[in-house]
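A.B. asks: have a look at this prediction, sequence included:
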Amino acid sequence: MRVSKKTKGSIIGGILIGFLILAGCGQQKGTGGPSGPAEVAVVTVHPEKVTITTELSGRTSAYRVAEIRPQVSGLIQKRLFVEGSDVKAGQALYQIDPAPFQAALDNAKAGLSRAEANLTAIRSKAERMRELAADKAVSQQDYDDAAAALKQTEADIQYWKATVETARINLGYTRIPAPITGRIGKSNVTEGALVTAHQPLALATIQQLDPIYVDVPQSTTEMLRLQRSLADGRLNHGGKKQNRVRLILEDSTPYSLEGTFQFRDITVDQTTGSVMLRVVIPNPKGLLLPGMFVRAVVQEGINTQAILIPQQAVTRDPKGNPQTLIVDAEEKVQLRSLTLERAMGDRWLVSSGLAPGDRVIIEGIQKAKPGAPAKIVPLGSGSEIKGGGRDNTAPPAAKSN
């Protein structure tokens, strides 16, 4: 029996359509069934003991500053130091022309000698007049005049003694010494300059740089938060180490020596709403200079029951509130809202929302749905959860350590 070409084509087309229908049914049968519980990796929350620190920006300032000013007027004869060098307390810095002050001292000494020379004769005369007055040999007025002359001479002697001392002090002021040990800056005058006593312009400035101060502003908001944490028992002082401070330099390198927190100012700056913290830092090599910008890592206290979770486990709802997914005791996914205090490295410090023993999902978050069952698998196992975690969209928190 012969079959036409048209009939053959119809038969072949029907066979192909049948195969396609069977293949579609098989594909639907393979994919249409339930997928089973989502595979997730979790970390179990355990309280930890962590040191809470705060990184604050500040500037260095000299430990002591002395502005050198003349105490007498005169002509600068010599400058006795090298600009930028280290000087010691008592070292001579400038020499003012001493000639007029030496002459004033000599004149005062001469006046004292003259007064002392007259004293013997006047005292003898006053004693004789006293004896004669007792015998009525001289009038009372003569005796009173002799006694007054004696007292005047004694007063002259005291005056000239004070004048001599003043002249000696002024002569000493012609040599201007360093009041403190430190590093001296540039000189504002040269030899031959005329200076006046207590002039506004300092001749030079000495700064003590070892140790050195670091002044760090802290907002009153942070100060109140810290006080509440200590009062609530979430932090303790941590003993003597509480006052230790570390520095990070402008090039982001850590400073090798630790400082000591000295005091917190009692006045709030009205323009910035902050109080000043003062830290004392050893500076034996002179690496830190006044006015440098640094970051101070200040230890706030120790949290003995801190709850930390990886940052990848935290997501944000449409309003920006932090949240995370956990697996409960019935192996179901539950959504938890969190209160985050700060970032510590690659983890978040959680203030509320989690309890010890909670199992927080850190991989497979995209497939986990609240209320749905979940299957816990080892961290990083299987292609189902690799790369399943969402990007952490939490805004960066203040650096703490």
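C.D. replies: That came through, no problem. Residues are numbered from 1 along each chain as shown.
A.B. asks: number of residues surrounding Ala137?
C.D. replies: 11 (other C-beta atoms under 10 Å). C-beta coordinates here come from the backbone N, C-alpha and C atoms, glycine included.
A.B. asks: and the gap between it and Tyr143?
C.D. replies: Taking C-beta to C-beta, to the nearest Å as the measure, Ala137 falls 10 Å from Tyr143.
A.B. asks: so in terms of bridging, what pairs with Val297?
C.D. replies: Taking DSSP bridges, one finds Glu55, Arg246 as the beta-bridge partners of Val297.
A.B. asks: what's near enough to touch it?
C.D. replies: Listed by C-beta atoms under 8 Å, 6 or more residues apart in numbering, the contact partners of Val297 are 53-55, 245-248, 401.
A.B. asks: one more pass at 6 Å, please.
C.D. replies: Residues near Val297 by C-beta atoms under 6 Å, 6 or more residues apart in numbering: 53, 55, 246.
A.B. asks: which of those are buried?
C.D. replies: 53, 246 (16 or more other C-beta atoms under 10 Å).
A.B. asks: between the contacts of Val297, which is nearest Ile361?
C.D. replies: Thr53 (29.1 Å; C-beta to C-beta).
A.B. asks: isn't the closest one right up against Gln299?
C.D. replies: Yes: counting by C-beta atoms under 6 Å, Thr53 does reach Gln299; the two are 5.2 Å apart.
A.B. asks: re the thing from before, and the least confident of the contacts of Val297?
C.D. replies: Across the contacts of Val297, the smallest pLDDT goes to Thr53, namely 80.
A.B. asks: contacts for the helix or strand where that residue lies?
C.D. replies: Taking DSSP states H and E as the definition, Thr53 sits inside strand 48-68. Residues from elsewhere that reach strand 48-68, judged by C-beta under 6 Å, 6+ apart: 179-180, 202-208, 211-216, 218, 288, 290, 292-304, 306, 308, 399-401.
A.B. asks: thinking again about what came up before, nearest to Arg79, of the contacts of Val297?
C.D. replies: Once C-beta to C-beta is applied, the member of the contacts of Val297 that ends up nearest Arg79 is Arg246, at 40.8 Å.
A.B. asks: this structure: helices as residue ranges?
C.D. replies: Here the chain has its helices, by DSSP state H, at 5-31, 99-134, 140-173, 220-232.
A.B. asks: of those, which approaches Lys375 most closely?
C.D. replies: helix 5-31 (19.7 Å).
A.B. asks: burial of Leu224, as a residue count?
C.D. replies: 10.
A.B. asks: how near is it to Glu300?
C.D. replies: Distance from Leu224 to Glu300, by C-beta to C-beta: 13 Å.
A.B. asks: remind me which residues of the stretch 1-150 of the chain are low pLDDT?
C.D. replies: 1-35 (pLDDT under 70).
A.B. asks: pretty sure Leu226 sits against Glu300.
C.D. replies: Yes: using C-beta under 6 Å, Leu226 is in contact with Glu300, at 5.5 Å.
A.B. asks: and Tyr213, how many neighbours?
C.D. replies: Tyr213, neighbours per other C-beta under 10 Å, totals 22.
A.B. asks: residues of stretch 83-103 that come out buried?
C.D. replies: Those would be 87, 93-96, 98, 100-101, for stretch 83-103 by 16+ other C-beta under 10 Å.
A.B. asks: widest-spaced pair of the residues you listed?
C.D. replies: Counting by C-beta to C-beta, the most remote pair of the buried residues of stretch 83-103 is Val87 and Pro100, 27.2 Å apart.
A.B. asks: how about stretch 250-263: buried residues?
C.D. replies: 255, 259, 261.
A.B. asks: how long is it from one end to the other?
C.D. replies: 24 Å (C-alpha to C-alpha, to the nearest Å).
A.B. asks: quick check: mean pLDDT across that stretch?
C.D. replies: Rounded mean pLDDT across stretch 250-263 is 89.
A.B. asks: any residues touching it, and which ones?
C.D. replies: Counting by C-beta under 6 Å, 6+ apart, 243-249, 278-282, 293 sit against stretch 250-263.
A.B. asks: those residues: which two are farthest apart?
C.D. replies: Asn243 and Phe293 (22.7 Å).
A.B. asks: and the buried residues of stretch 250-263 as CSV, adding distance to Phe81?
C.D. replies: Below are the buried residues of stretch 250-263 laid out as CSV (distance: C-beta to C-beta, whole Å):
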residue, distance to Phe81
Tyr255, 30
Gly259, 30
Phe261, 35
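A.B. asks: just the ones of those in strands?
C.D. replies: 259, 261 (DSSP state E).
A.B. asks: out of the buried residues of stretch 250-263, who's nearest Thr174?
C.D. replies: Of those, the one sitting nearest to Thr174 (C-beta to C-beta) turns out to be Gly259, at 41.1 Å.
A.B. asks: how far away is the residue nearest to Leu203 when sequence neighbours are not counted from Ala197?
C.D. replies: If you skip the residues right next to it in sequence, Leu203 has Ile68 as its closest partner in space, 4.5 Å away by C-beta to C-beta, 6 or more residues apart in numbering. Ile68 sits 13 Å away from Ala197 when distances are taken as C-beta to C-beta.
A.B. asks: what about those two, which has more around it?
C.D. replies: Set Ile68 next to Ala197 and count neighbours by other C-beta under 10 Å: Ile68 wins out with 21 against 12.
A.B. asks: list the contacts of Val97.
C.D. replies: Rather than Val, residue 97 is Asp. Asp97 neighbours (C-beta under 6 Å, 6+ apart): 74-75, 77.
A.B. asks: same thing but at 10 Å, please
C.D. replies: 74-78, 174, 194 (C-beta atoms under 10 Å, 6 or more residues apart in numbering).
A.B. asks: out of the residues you listed, which is nearest to Gly353?
C.D. replies: Closest to Gly353, out of all of the contacts of Asp97 and judged by C-beta to C-beta, is Ile76, at 72.3 Å.
A.B. asks: measure the closest one to Leu112 for me?
C.D. replies: For Ile76, the distance to Leu112 - C-beta to C-beta - is 31 Å.
A.B. asks: list the buried residues of stretch 296-309.
C.D. replies: 296-303, 306-309.
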